[in-house]
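Student: Here is a sequence with its predicted model. Questions after.
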Amino acid sequence: MRSWVCADAGLAIMQVLREPLCDLADALWADWNRQGVTVIAPILWGYEVTSVIRENTFRRLLTPEDEQNALDAVLRLPVEQRQPADLHQRAWALARRFNRPTAYDAHYLALAEMVGCPFWTSDERLFNAVHTQLPWVHWLGHYRTPEVLHERQADYRAGRR
């Protein structure tokens with residue numbers, strides 16, 4: 001059986017720009033790769049990653065030489081970009097439901113909901129706004145690598161909670 005996960009552009013950007021939590025993003029992508037998970041995102045994903053990389057160069061956070069390498073690296077990530085029918089309508093409804101100022105992030109929520117898969121985000125504010133009603137939404141900051149989980153299980157068995 002094939003399994004999917006929807007991932008926002010922030011998770012990809014972290015890998016090339018080495019932003020905070022980038023080590024967790026690397027580990028999460030590596031886990032998905034090991035498990036044979038297919039990463040999906042709305043078509044918007046490509047526009048977002050391209051725009052963020054360009055903006056970082058414009059603000060002189062990336063050199064022009066590093067800009068092309070960053071773009072190439074992020075566009076090589078195995079992400080299936082999808083545009084199901086009614087995606088925009090569902091994103092709009094979710095943006096209204098959660099009183100979001102824009103509908104960009106709601107497109108990720110809508111796609112994950114339509115496919116029936118978990119959604120992982122690097123945006124803690126988005127996570128905080130929706131996770132109590134959408135338990136399939138996960139924030140990168142809560143991810144624990146297999147090593148950390150193993151340590152926690154060992155601590156639990158040893159009575160060190």
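Tutor: Nice, thanks for sending it over.

Student: Please work out how many residues are found near Q83.
Tutor: A total of 11 residues lie near Q83 under the criterion other CB atoms under 10 Å. C-beta coordinates here come from the backbone N, C-alpha and C atoms, glycine included.

Student: got a list of what it touches?
Tutor: P42, I43 (CB atoms under 8 Å, 6 or more residues apart in numbering).

Student: what does the host helix or strand of Y108 rub up against?
Tutor: Using DSSP states H and E, the element containing Y108 is helix 104-115. Applying CB under 8 Å, 6+ apart, the external contacts of helix 104-115 come out as 4, 6, 8, 40-42, 44, 48, 82, 84, 86-88, 90-95, 98, 100, 118-119, 121, 123, 126, 130, 134, 136-137.

Student: repeat for stretch 125-145
Tutor: For stretch 125-145, the external contacting residues (CB under 8 Å, 6+ apart) are 10-11, 14, 21, 24-25, 27-28, 31, 98-100, 105, 109, 112-113, 117-124, 152.

Student: For that stretch, measure first residue to last.
Tutor: For stretch 125-145, the first-to-last residue distance is 22 Å (CA to CA, to the nearest Å).

Student: Quick check: mean pLDDT of it?
Tutor: On average, the pLDDT along stretch 125-145 is 94.

Student: just stretch 62-73 next, same as before
Tutor: Per-residue scores along stretch 62-73 average to 93.

Student: which parts of it are buried?
Tutor: The neighbour-count check on stretch 62-73 (16 or more other CB atoms under 10 Å) flags L62, E67, A70, L71 as buried.

Student: Now do the second one against R97, distance only.
Tutor: So that's E67. 37 Å (CB to CB, to the nearest Å).

Student: who does Q81 bridge with?
Tutor: With beta bridges defined as DSSP bridges, Q81 has these partners: A41.

Student: Do you have the strands of the protein handy? List them.
Tutor: Along the chain, the segments classed as strands by DSSP state E run 4-7, 38-42, 79-82, 119-121, 137-139.

Student: want to throw these into JSON lines with distance to V52 and mean neighbour count?
Tutor: Rendered in JSON lines, the data for these read as follows (distance: least, CB to CB, whole Å; neighbours: other CB atoms under 10 Å):
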{"stretch": "strand 4-7", "distance to V52": "14", "mean neighbour count": "24"}
{"stretch": "strand 38-42", "distance to V52": "14", "mean neighbour count": "22"}
{"stretch": "strand 79-82", "distance to V52": "14", "mean neighbour count": "15"}
{"stretch": "strand 119-121", "distance to V52": "15", "mean neighbour count": "26"}
{"stretch": "strand 137-139", "distance to V52": "19", "mean neighbour count": "19"}
